[in-house]
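Engineer: structure, please.
(one chain, ligands or ions: 1)
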Amino acid sequence: MTAVLDNHCHIDPRNGDGIDAVRRFARSGGTHLCIVNKPSWSLDVEASDADDFREVFDETLRTVEEADEVLEGKAFAVLGVHPALVSKLLGRLGGPQNDEGVERAEEVMKTGLEVAAEYVEEGRAIALKSGRPHYDVQEPTWELSNNVMEHAFRLGADHDCAVQLHTESGDDFTDIREMAEDVGMSPDRVVKHFSSPNVSAVRRSVIAYEENVFEAAEDGRDFFLETDYLDDAERPGAVLGTRTVPKRVDALLDEGYDDAVDRACVTLPEEVYGVDMSL
Ligand SMILES: [Zn+2]
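Structural biologist: Reported below is the predicted structural model:
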């Protein structure tokens, strides 16, 4: 039996199937999950200080613990601040042209990341989650978001952990690679979530559509596989279901891509996250 990792999903017992979705993953042959906290607003938390973020992260950690019991392997927590929180915050704080509001929003976002880094330090999470908006924003918002992402890299360097990113779509992320290097973080531990197979300069976590997966396996560069499963009953089928990664791994093995599967599900996660993927 091989380890099968979904590198980025959300499990939400409050708004979705919760542990039943994990059971489906396990029954299909999945063994390990990176469970990423839902954005604070989707849990009705109006984030403004450290305790607000703790509330969100603690809820994710309870889910991770439960998932861990269901899985043959392990469930890991990835904690951080969704980049779109910036728009919610600025909406409350007078918009991107209000300097004081921009400063305050940056502070709140950084606080969330610092709390997440505490959890990493305690061994309760394996990586941070940060990034920048995937939609058009005004210049002050973009600058603020890059500052926040750079702060995540600084924390990643200080706490010796990986950073998963939610960003705009694109292929060449050299600017992000350089940003990480500039603050002493290894860009090999920067993982672009929701990647197309063409993503370069940082680690690609390829969204597991069939054609993507084979394209990634074929070019020989390392990749993770993920579904970004949302577990939201109001948006069924918005992204891929939890059975998808095990299914793709089976298909890859059938076609003889054993090495790619071993890299994606065992050695790469061990290198990037410093976890033990043995079963
Ligand atoms: Zn996600």
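
Engineer: quick check: buried residues in stretch 126-143?
Structural biologist: Within stretch 126-143, the residues that count as buried by 16 or more other CB atoms under 10 Å are 126-133, 137, 140-142. Just so you know, the C-beta spots here come from the backbone N, C-alpha and C atoms, and that holds for glycine as well.

Engineer: most widely separated two among those?
Structural biologist: Using CB to CB, the pair of the buried residues of stretch 126-143 lying farthest apart is 126 and 140, separated by 32.7 Å.

Engineer: the buried residues of stretch 126-143 in strands, which ones?
Structural biologist: Taking DSSP state E, the ones among these that sit in strands are 127-131.

Engineer: closest to the centroid, which residue in the protein?
Structural biologist: Nearest residue to the geometric centre of the chain (CA atoms, centre = their mean): residue 164, 4.5 Å.

Engineer: who does the one helix or strand that residue maps to pair up with?
Structural biologist: Following DSSP states H and E, one finds residue 164 within strand 162-166. For strand 162-166, the paired strands and their directions (DSSP bridges) are strand 127-131 (parallel), strand 190-195 (parallel).

Engineer: check what contacts that strand and list those residues.
Structural biologist: Strand 162-166 is contacted from outside by 8, 34, 36, 78, 80, 82-83, 126-132, 134, 149, 152-153, 155-156, 176, 180, 185, 189-194, 202, 205, 272-273, using CB atoms under 8 Å, 6 or more residues apart in numbering.

Engineer: swap in stretch 137-154?
Structural biologist: Contacting residues not belonging to stretch 137-154 are listed as 80-81, 83, 86-87, 90, 96-97, 102, 105-106, 109-110, 113, 128, 130-133, 163, 165, 176, 179-180, 182-185, 190 [CB under 8 Å, 6+ apart].

Engineer: tell me how far the residue nearest to residue 24 when sequence neighbours are not counted lies from residue 227.
Structural biologist: Spatial nearest neighbour of residue 24, chain neighbours left out: residue 242 (5.2 Å); criterion: CB to CB, 6 or more residues apart in numbering. Look at residue 242 and residue 227: by CB to CB, to the nearest Å, they are 6 Å apart.
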